[in-house]
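Trainee: Structure for the following, please:
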Amino acid sequence: MNLKVLVLVIFTVIWLYNLLLNVIRMRSEKNPIPENVADVYDRETYLKWRSYHAEKSRFAIVTSTVTFLVELALLAFNVYAAFAGLFPKEDPFLQMFAVFLLSALSSLVLIPFSWHETMVIEEKYGFNKSTAKTFWADQVKSFIISLIITLAVGGILMAVHTALGDWLILAFAVLMTLLLLGITFLYPVFSKIFNKFTPLEDGELKDKLSGLLEKNGYKVRAIKVMDASRRTTKSNAYFTGFGKMKTIVLYDTLVESMTPDEICAVFAHEMGHGLHKDTLKRQFLSFGQMLILGLLAWLTLRTTELFLDFGFSGMNYGFAIILIMSVEFPLVAPLFGLLTNWISRRAEYRADAQAVKEGYGEELISGLKKLSKNNLADLAPSPLLVKLEYSHPTLSQRIDAIRKAEQ
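Mentor: Take a look at the predicted model:
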């Protein structure tokens, strides 16, 4: 079989698989809600959730279909090769840049869909706080950052392959893992491009959070509040930093909607991840994923006819990345995801148990219920969907485990 035809068939199968997942998601709204989470939504909010969930699922199908058709056209009609032909053929970096630039430009087709999702659907259900100015500023920033990151990945691939040849697999995996660690380390810097952070005011919450972490051997660099309400009413929280030095970040929507003890319960959970070295364990899994990507890159770059079938005169590192990330890795990702998501769900149970150990079991339950209600979370997703896609157990499963740990 012509390799181009094989790639297009695989690409179509991947789209059909994701379409199936979206259909399963839509049908989840008919599942009965478990008794232990029946109080999360009142009737009015539940009807609102069903409407929101159905509209988001339908829109996801439309968006994914448009994305598929655009990418399919670029591949089927050799548009990447034609666009790269406008750049000097003797310069591999410019050839790679041409492919990434076209990929980034093609993503602009989805901006109207992003606008509709943010400014229409999210606005309709009371989640959106973005102004048109904020939306367009985010699009520009995301475009630039995405192009820079893809160029960095492509540059690493080109440099490693040029210098090491068949040692590509291991070297690419190591360098990509380091790149991901670097992005994680710089995440607070990237966040400042999109949001403003202010120190948490002195008081009960600050004292309790600092005491909780310091009691378990952590040092608090800072506790900051992020202006998430500029864009959404949804709530979240996280902490950053390597080792024992941590910066706590709270969405302002979280501070406004939860009690100090509920917020402490959420961070006792996050602290549990740190105490159990879950972040380090995730890095090992990430390295395994990078090894798979390295193997795919090695196989792709060795298959010259693959590039010829898509209209290139020879190997193109940018197009290799496109094939790996759009076709090859998505084909094996569901199997890898089964393992990583199972490990992640187990880690979430352990982190919840840490909150119970700190005396915040009931507060964690009430906090999780508030988060689920504020974010209009699905309380009864399909068990198949949970196994395939969920990195966290369902709210009902977490509450059952917390109750058991309290006994």
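
Trainee: Could you give the separation of stretch 362-373 from the chain centroid?
Mentor: Distance of stretch 362-373 from its chain centroid, counting by CA atoms, centre = their mean, to the nearest Å, is 22 Å.

Trainee: Between the two ends of stretch 25-32, how far is it?
Mentor: 14 Å (CA to CA, to the nearest Å).

Trainee: Ok, stretch 203-223 next?
Mentor: Start and end residues of stretch 203-223 are separated by 12 Å (CA to CA).

Trainee: And the contacts of that stretch?
Mentor: 199-200, 241, 244-248, 250, 255, 260-261, 263-264, 267-268, 271, 274-275, 358 (CB atoms under 8 Å, 6 or more residues apart in numbering). Using the backbone N, CA and C atoms, a C-beta is placed for each residue, glycine as well.

Trainee: Mark which of those residues are part of helices, please.
Mentor: Here DSSP state H is the test, and these give 255, 260-261, 263-264, 267-268, 271, 274-275 as lying in helices.

Trainee: Out of the residues you listed, flag the one nearest to residue 286.
Mentor: residue 274 (17.0 Å; CB to CB).

Trainee: for residue 339, what are its contacts?
Mentor: Contacts of residue 339 (CB under 8 Å, 6+ apart): residue 285.

Trainee: again, only this time at 10 Å
Mentor: Residue 339 is in contact with 285, 288, counting by CB atoms under 10 Å, 6 or more residues apart in numbering.

Trainee: Out of the contacts of stretch 203-223, which end up buried?
Mentor: The neighbour count (16 or more other CB atoms under 10 Å) marks 200, 241, 246, 248, 250, 255, 260-261, 263-264, 267-268, 271, 274, 358 as buried among the contacts of stretch 203-223.

Trainee: And the furthest pair within these?
Mentor: So, those by CB to CB: farthest apart are 241 and 261, at 23.8 Å.

Trainee: hmm, who's touching stretch 355-366?
Mentor: So stretch 355-366 is in contact with 36-37, 212, 215-216, 258-272, 275, 351-354, 367-368, 395, 398-399, 401-407, going by CB under 10 Å, 6+ apart.

Trainee: Stretch 71-80 too?
Mentor: Contacts for stretch 71-80 (CB under 10 Å, 6+ apart): 4-5, 7-8, 11-12, 15, 70, 81-85, 98-100, 102-103, 106-107, 307, 309-312, 316, 318-319, 322-323, 326-327.

Trainee: Tell me if residue 346 really is in a helix.
Mentor: Yes - under DSSP: H, G, I helix; E, B strand; the rest coil, residue 346 falls within a helix.

Trainee: Roughly how far does it sit from residue 278?
Mentor: According to CB to CB, to the nearest Å, residue 346 and residue 278 sit 10 Å apart.

Trainee: and these two? which has more neighbours close in?
Mentor: residue 278 (19 against 12; other CB atoms under 10 Å).

Trainee: Am I right that the more buried one is in contact with residue 345?
Mentor: No - at 11.6 Å, residue 278 does not count as touching residue 345 under the criterion of CB atoms under 10 Å.

Trainee: re the thing from before, of the contacts of stretch 71-80, keep whichever come out buried.
Mentor: 4, 7, 11, 15, 81, 83-84, 98-100, 102-103, 106-107, 307, 309-312, 316, 318-319, 322-323, 326-327.

Trainee: Among the ones in helices among the contacts of stretch 203-223, which one sits closest to residue 378?
Mentor: Nearest member of the ones in helices among the contacts of stretch 203-223 to residue 378, counting by CB to CB, is residue 263, at 23.6 Å.

Trainee: From residue 376, how far out is the closest one?
Mentor: 21 Å.

Trainee: Next: residue 329.
Mentor: 31 Å.

Trainee: Pick out whichever of those two has more residues nearby.
Mentor: residue 376 (22 against 17).

Trainee: who touches that one in this structure?
Mentor: 40-41, 45-46, 48-53, 56, 125-127, 234.
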